[in-house]
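Novice: Provided below for reference: sequence and predicted model.
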Amino acid sequence: MEELRKELAKEKEKNALLLDIINAIPEPIFAKNWQGHFIFVNKMLAKLYNTTPEMMIGKEDTFFTGNKAQGQFFKENVQGIMRRFEAENVYEDTTDAKTGNILHFHSLKIPFKNHKEELNIVVIAKDITEITALKNTAEASAKRLKHVLEVSGEGMWDWHTQTNAVFHNSEWERITGIKHSENSFAEFQNHLCSEDKLHVNQALNALIEHNIPYDIEFRMTRPDGKEIWVWDRGQVVERDSNGKALWVVGIMQDVTQAKHDQAKINFMAFYDALTHMPNRSLLEDRLKQAMEHTKRSGLGGAVLFIDLDQFKALNDSYGHQSGDQLLIAVSKRIHKLLKAEDTVARFGGDEFVVILNDLDANSVNAALKAEVIAEEIRKNISLPVAIKASNLSTLIDYKITASIGISLFNKEVKDANQLLQLADLALYQAKANGRDDCVFFDPIMQKELSYTLELEKDLKAAIDEEHFVLHYQPQYDRQQNIVSAEALIRWDSPSKGLLYPIHFIDFAEETNLILPIGNWVITQACQQLQRWKSQPILQDLQLSVNISAKQVWHKSFVNDIIDIVKKYQVSPSQLMLEITESVVLKDLTESVAKMNQLRDFGFKMSLDDFGTGYSSLGYLKSLPIDELKIDKSFVNDITVDESDLIMVKAILDLGKNFKLNVVSEGVETQTQRDMLYDLGCNLYQGYYYSKPLPLENFVSVVQNTNALVAISS
Ligand SMILES: Nc1nc2c(ncn2[C@@H]2O[C@@H]3COP(=O)(O)O[C@H]4[C@@H](O)[C@H](n5cnc6c(=O)[nH]c(N)nc65)O[C@@H]4COP(=O)(O)O[C@H]3[C@H]2O)c(=O)[nH]1
């Protein structure tokens, strides 16, 4: 008996231990009979139902939750499992009796038969409420992200590196055009452009192996054959314990349009829109590269400066479109004759520049090779070009020639701009040779260039520092009075001494420096007239000043000159503005308008070098002038050349008829003077009387001469 009691006590202890163990498990564990009544409940479930295990025995869930539908579901579910007699995993919800919240459970339901062979079921449940909530949040975020990506036009991909499986969103499929996706990495690779495959694989590898950010652009070929540019970015989201990437996600954007736009912008910045050849900017860059290359290779190269001869004539006769066609044809011809590493660029207008690379290490050989190519280009350009002129119904075979200047470069030549200037200088020579010619730059030209550059620098400094003086050449009337003078500029250079206009006036015209110089002359003349106002012998003198073409065509010329005269308060009628016939003829209407304005203000106007241009009575009539100056070339031979005499006579008659003063320039001898006198000339200027004189000398000559004449008369 004692034995049995001990045995029972032991058994009780074992059961109590078992119960303690089951109650210690923080998940609900319970058993039900066929009717769905609890036959065993651990503390965890009782806690959920806000009761004790003892209170739950014999009752159903509904008793505690009040949720009948749920209770019915539990009952049917466990009965089904008991019937099938197979353990099952069930995801189910129940209600927290304390809070009324829905709780989610993952329950393992195992049917068994008790010692009475009755069907029962034991349920081991796991509370997954928190995990479910997290999962739901994650799913909602993923859904939101998916929407955002779809809306923003981003394709999304998700790559599992172990299996090489790839998943895409619909936007990715829309971008790539890959509709029936195999969802594999190989499929993505198959659509990469062959040129970019290596680049993409290297970038992905760098991401996977070394976590280097994957953010690249590349091309893909869509199934419809269309090539697209994409911008692809990705990140590793999961790695194994060795740090190897397992899961990579990324987004892709179609950037084809942006790429095309960028390409267009780049093209416009570096290529000529008409001929599609490199433009000036790209040429300069290529030339620098060519020179760098020469330094390494030791092989010399050449620059050819090509200018089409009288291209303007084509534009003028057949319109600009014809000119465009010719430029395109010429550029293609030149391009065809060059090697791949050479360059032909459109420099501007009808100018092309060619860079020839790798000619020869020996400069003579390099020159010979450059000449052969230049000649070939010249000959090819001169072949007829079929042009469709807008004003003609049929094609015309237009022939044009080209002048080419060549400069060579080797590793010693450093300045790309100078190289172009030298070729340009040689081109200038080719033009001067009568066009349709190839000319090499030579050192004499170099000298001219350096001289030109130095002259420009010096002349600018002379303007700033006013290194100019005026000399005055008297003009005499028939009674030998000095009635006027021509103011003639001299450059009083500190380094070169006194320089005459022949050394700098044309150059000043070319460089526009004549504008400040011209203003300086007018200002000086006005200052002089102002100073002479108080000196009886000088106060009525008239001063002639030369006005250059550039001055006349400058928009503020009339206003500027009026301002100067006003500033020094001199009478404009004391200033005779000498304009050459050629200036007037360039644009008669505009010249007449300007001359009228000046004359209306009171200036006197003189037509200089008269007879050397295409003088015609017709235009003379319409000119607002006061004086004609017979050019000294006619005066010079008046005594020996019958035709010059006729010319001078005619001009003097013209003057008389139009009531103009006529000045004979370059009178050097008594005979010339007398002949002119007999022909009725009013005014005389020349070495016979006086050379142009510095101010003081001129003033004393006027004082002596006019005083003497005054006494003798
Ligand atoms: N052989 C010979 N020559 C004579 C004789 N009498 C005068 N001359 C020269 O003939 C030139 C007359 O000036 P131009 O025809 O206006 O020709 C001027 C004019 O076109 C230009 N020039 C001079 N000063 C100025 C100026 O201030 N502004 C502008 N724009 N041009 C000027 O330079 C040209 C040359 O000026 P210059 O050297 O001073 O040369 C002056 C003068 O020295 C003569 O009997 N025999």
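Specialist: Yes, it's here.
Novice: drop to CA atoms for contacts and neighbour counts, all remaining ones
Specialist: Noted.
Novice: host element of residue 370?
Specialist: Following DSSP states H and E, one finds residue 370 within helix 363-381.
Novice: now residue 150
Specialist: Judged by DSSP H and E, residue 150 forms part of helix 129-152.
Novice: One more: residue 16?
Specialist: helix 2-24.
Novice: Spell out which residues of the stretch 501-650 of the chain are next to the ligand.
Specialist: For the stretch 501-650 of the chain, the residues in contact with the ligand (CA under 6 Å from any ligand atom) are 501-502, 518, 521, 546-548.
Novice: about what we covered before: what helices and strands are in contact with the helix or strand just after the helix holding residue 150?
Specialist: Using DSSP H and E, the helix or strand that follows helix 129-152 towards the C-terminus is strand 155-160. In terms of contacts (3 or more CA pairs under 8 Å, 6 or more residues apart in numbering; DSSP states H and E), strand 155-160 is packed against strand 165-168, helix 170-176, strand 245-254.
Novice: Out of these, flag the one nearest the ligand.
Specialist: Using CA to the nearest ligand atom as the measure, strand 245-254 is the one of the helices and strands packed on strand 155-160 that comes nearest the ligand, at 65.0 Å.
Novice: Put the alpha carbons of the closest one into CSV.
Specialist: This file holds the C-alpha atoms of strand 245-254, laid out as CSV (Å, rounded to 0.1, in the frame of the first residue of the first chain):
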residue,chain,number,x,y,z
ALA,A,245,25.9,39.5,-52.3
LEU,A,246,22.8,37.3,-52.4
TRP,A,247,20.1,39.7,-53.3
VAL,A,248,20.5,42.9,-55.3
VAL,A,249,17.7,45.4,-56.2
GLY,A,250,17.8,48.3,-58.5
ILE,A,251,16.0,50.8,-60.6
MET,A,252,16.3,51.6,-64.2
GLN,A,253,15.3,54.7,-66.2
ASP,A,254,15.0,55.3,-69.9
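Novice: quick one: the very next helix or strand once past that strand to chain centroid distance?
Specialist: Counting by DSSP H and E, the next helix or strand C-terminal to strand 245-254 is helix 256-270. Relative to the chain's own centre, helix 256-270 is displaced by 11 Å; criterion: CA atoms, centre = their mean, to the nearest Å.
Novice: can you check stretch 244-259 too?
Specialist: For stretch 244-259, the separation from the chain centroid amounts to 31 Å (computed by CA atoms, centre = their mean).
Novice: What lies in contact with that stretch?
Specialist: 153-162, 172, 175, 208-209, 228-240 (CA atoms under 8 Å, 6 or more residues apart in numbering).
Novice: for the helices and strands packed on strand 155-160, which one sits closest to residue 27?
Specialist: Checking the helices and strands packed on strand 155-160 against residue 27 by CA to CA gives strand 245-254 as the closest, at 33.5 Å.
Novice: Given the helix or strand harbouring residue 237, what are its sheet partners and their directions?
Specialist: Applying DSSP H and E as the criterion places residue 237 in strand 227-239. The strands that strand 227-239 pairs with in its sheet are strand 214-221 (antiparallel), strand 245-254 (antiparallel) (by DSSP bridges).
Novice: Redo the helices and strands packed on strand 155-160 as JSON lines? Include distance to the ligand.
Specialist: As requested, the helices and strands packed on strand 155-160 are exported to JSON lines (distance: least, CA to the nearest ligand atom, whole Å):
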{"stretch": "strand 165-168", "distance to the ligand": "79"}
{"stretch": "helix 170-176", "distance to the ligand": "70"}
{"stretch": "strand 245-254", "distance to the ligand": "65"}
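Novice: would you list these in TSV and tack on mean neighbour count and mean pLDDT?
Specialist: As requested, the helices and strands packed on strand 155-160 are exported to TSV (neighbours: other CA atoms under 10 Å; pLDDT from 0 to 100):
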stretch	mean neighbour count	mean pLDDT
strand 165-168	18	88
helix 170-176	20	91
strand 245-254	20	92
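Novice: follow-up on the earlier one: convert the strand holding residue 237 to CSV, retaining C-alpha atoms only.
Specialist: Listed next in CSV are the C-alpha coordinates belonging to strand 227-239 (Å, rounded to 0.1, in the frame of the first residue of the first chain):
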residue,chain,number,x,y,z
GLU,A,227,18.4,50.8,-79.3
ILE,A,228,17.8,52.6,-76.0
TRP,A,229,20.0,54.2,-73.4
VAL,A,230,19.2,53.4,-69.8
TRP,A,231,20.4,54.7,-66.4
ASP,A,232,20.7,51.8,-64.0
ARG,A,233,21.4,51.9,-60.3
GLY,A,234,21.5,49.0,-57.8
GLN,A,235,22.3,48.1,-54.3
VAL,A,236,23.0,44.8,-52.4
VAL,A,237,20.3,44.2,-49.9
GLU,A,238,21.5,40.9,-48.6
ARG,A,239,24.9,39.2,-48.2
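Novice: Many thanks, have a good one.
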